[in-house]
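J.: For reference, the sequence and a predicted model appear below.
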Amino acid sequence: MRAPVRGALAAAGVAVVAACGTLPDMPPSVPADIVPSVAAPSLDAAESGRLSPDGFDAVQRMAVRIRNVGCEGLSTGSGFALDATTLITNRHVVADSESLQVNTYDGRDIDVSAASTATLADLAVVRTEDELPSSPELAEADPEPGARVSVVGYPSGGRLTVTAGEVIGTTTDPLNENLGEVLVTDAPVEPGSSGSAALDESGRVIGVVYAKTTDGRSLVVPQSTLREMLDDTSAFTPLPAC
Amino acid sequence: MTSPTPSWEAAGPVHRPEDPAPGRRAPRRPGRGARVTAVVLGIALIVTLATAGYLWQTTTAWEDHAAEWESEAQRYADEVAALQVELDGVTAELVAAREQLDTATERITELADEKAQLGDENVASQQYLDYQRRVSEAAGVVATALEQCTQAQFQLIGYLENREAYDPADLDRFGDDVQALCNEAGEANEQLQQELAQ
C-alpha cells in the first residue's frame, strides 16, 4: 500500500512542480524611461551644401569675376580662390591690363595687390588685399574619362553659372598655350568662362578652364599642371602693365 | 511485497483465521486507500487553491502592468501627436524659409550681376570718355597746327609778293619751315582721322 501512495505522491509532486513551470511569472515593473535613444539627425548631401552663412554653397562662394581694364578696352573672365588672398585664373584673362577688378559671388569688390602669369601654361595668380570668401581643395589626381565635372564661372561676363558635364579625355593643347596634355570635357563654357574652376563631384578642383573648341567642348588645364606651376616659384613672373 | 487489499474484499465470503464466526458480519472500517485518496484530494485541493491564488495575483499584477503600459502609451501618443503638430509647423516654416533663402540668393546673384554689368558699363563709359578727350585734344592740336600752317602760308605769300625786299635764301628757308609746319599739321590730322576711324 505504501509504495503506490508514495509513487502517486511523487508523481503528484512532479506534476505540481512541472505545472508550476507553466504558470505565468509576475510582470516586471514598468521602466521609468522607455524613450529609445536615437542618433542625432543629419542632413543629406544635397542639404549639407546649403550650410553656409548666406545660403550659397562653397562652389559658388569660391568663384570670382575678373574685370580686365585694359589699355585697348575692357574684357571679363573668371577665377577661383586658391586660398584666402590668392586666386587662380588664366594668363589671357589678366594680360594687357591697366588694372584688374575682382568681384565675388555676392557682388563685393576685392582689391587686387599683384598679379603674375605663368610662361609655360595659360595660368595666372592674382593676390588680393581683401580675403576671399571661400577656397576649395585641389584634387589629388587628374580625372579619368567619364568622370563627372562641373564648371563654375561667369560665362559671357554674365551672372554666376554652374554647368555640368563629363571628362571626355585628354589632348595636346591645340592653342599651344600649355605644355603637356590638357583635359577635354563636354561641360558648356562661353567666352568669359576662362579661368573657371572645373570641379569633381566632391567639389575639388580638377583643372582650370581656358578655352572652348569649335565643337562646343571645353579645354581645361589639369590640376597636375597647376600644381607643378605652383610648386615652381620661378614659373610665374609679374604681370607687366600695358 | 504485499499486495494491497481493496476495501470491497471485506464483503466477500472468504474466511480468515481472525474473522469471527461465519454468519456474523465484521464492522466496516475506512480503508487505507480512502485515507490516501482523501489526503491526495486534500493536497490537490491545496495545490489548486494555491495555484488559483497565484494565478489571481498574477492576473491582477498583469492587469496593473497592462494598465500602466496603456497609460504610458497614451501619454506618449499624446506627446507624439503634439510633436507631430509641432513638427508640421516647423516643417512648414522650414519650407518657407528655404523658399525665402532661394529667393534671396537668387536676388543676390541678380544684384551682383547687375552691379558687375554697371561696373562694366562704367568702365566702358570712362574709357569712351578718355577716348573722346584724347580725340578732342588731338583735334585741338590739329586745328592749331593747321591754323599755324595757314597763317605761315599767308605770311609766305606776302613775302613772295614783295620778293625784292628780302634775301632769297631767307625766303627759301622760311618756305621750308612753313612746309615742315604744314607737314606736321597734315600728319596730326592723319592720325586724328585714323583715331576716329577706330
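T.: Thanks, I have it.
J.: Which helix or strand in chain B has the lowest average pLDDT?
T.: helix B:168-197 (a mean of 89; mean pLDDT, DSSP states H and E).
J.: what's the distance between the helix or strand B:A52 falls within and the middle of its chain?
T.: Element membership of B:A52 [criterion: DSSP states H and E] is helix B:32-161. From the chain centre to the centre of helix B:32-161 is a distance of 5 Å (CA atoms, centre = their mean, to the nearest Å).
J.: Low-confidence ranges, chain B, go.
T.: B:1-30 (pLDDT under 70).
J.: ok, residue 141 - contacts?
T.: Because you didn't say which chain, this covers chain A. Taking CB atoms under 8 Å, 6 or more residues apart in numbering or on different chains, we find A:A141 in contact with A:S224. In this view, the C-beta of every residue, glycine as well, is placed from N, C-alpha and C.
J.: Chain B is the one I meant
T.: B:V141 neighbours (CB under 8 Å, 6+ apart): B:A188.
J.: picking that back up, now do the least confident helix or strand of chain B against helix B:32-161, angle only.
T.: Helix B:168-197 runs at 160 degrees relative to helix B:32-161, counting by axes from the mean of the first three to the mean of the last three CA atoms, to 10 degrees.
J.: OK, contacts around the residue lying closest to A:N178 once chain neighbours are set aside?
T.: With sequence-adjacent residues excluded and distances taken as CB to CB, 6 or more residues apart in numbering or on different chains, A:N178 is closest to A:A121, at 4.6 Å. Contacts for A:A121 were tallied using CB under 8 Å, 6+ apart; they are A:R91, A:E177, A:N178, A:L179, A:V221, A:T225, A:L226, A:M229, A:A235.
J.: So the fourth one sits against A:T119, correct?
T.: No. Contact status for A:L179 versus A:T119: not in contact, 9.8 Å apart, counting by CB atoms under 8 Å.
J.: In terms of packing, which of these two has more residues around it?
T.: A count of neighbours by other CB atoms under 10 Å in any protein chain shown puts A:L179 above the other of A:L179 and A:T119, at 15 against 12.
J.: How is that one assigned, secondary-structure-wise?
T.: coil (DSSP: H, G, I helix; E, B strand; the rest coil).
J.: pLDDT score for it?
T.: On the pLDDT scale, A:L179 is placed at 77.
J.: what do you get for A:T171?
T.: The model's pLDDT for A:T171 equals 93.
J.: what do you get for the one 3 residues further on?
T.: According to the model's per-residue confidence, A:P174 sits at a pLDDT of 84.
J.: Stretch B:53-65: which residues count as buried?
T.: Buried residues in stretch B:53-65, counted by 16 or more other CB atoms under 10 Å in any protein chain shown: B:T58, B:A61, B:H65.
J.: got these as JSON lines, with distance to chain A columns?
T.: What follows is those, written out as JSON lines (distance: CB to the nearest CB, whole Å):
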{"residue": "B:T58", "distance to chain A": "5"}
{"residue": "B:A61", "distance to chain A": "5"}
{"residue": "B:H65", "distance to chain A": "4"}
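J.: Tell me which residue is most central in chain B.
T.: B:R98 (8.4 Å; CA atoms, centre = their mean).
J.: A:R159 should be in a helix, yeah?
T.: No. Read with three-state DSSP, A:R159 is coil and lies in no helix.
J.: how near is it to A:L199?
T.: Going from A:R159 to A:L199 by CB to CB, to the nearest Å gives 18 Å.
J.: One more: B:Q155?
T.: Taking CB to CB, one finds B:Q155 at 75 Å from A:L199.
J.: returning to that earlier point: so which of the contacts of A:A121 is the most crowded?
T.: Ranking those using other CB under 10 Å puts A:V221 first, with 27 neighbours.
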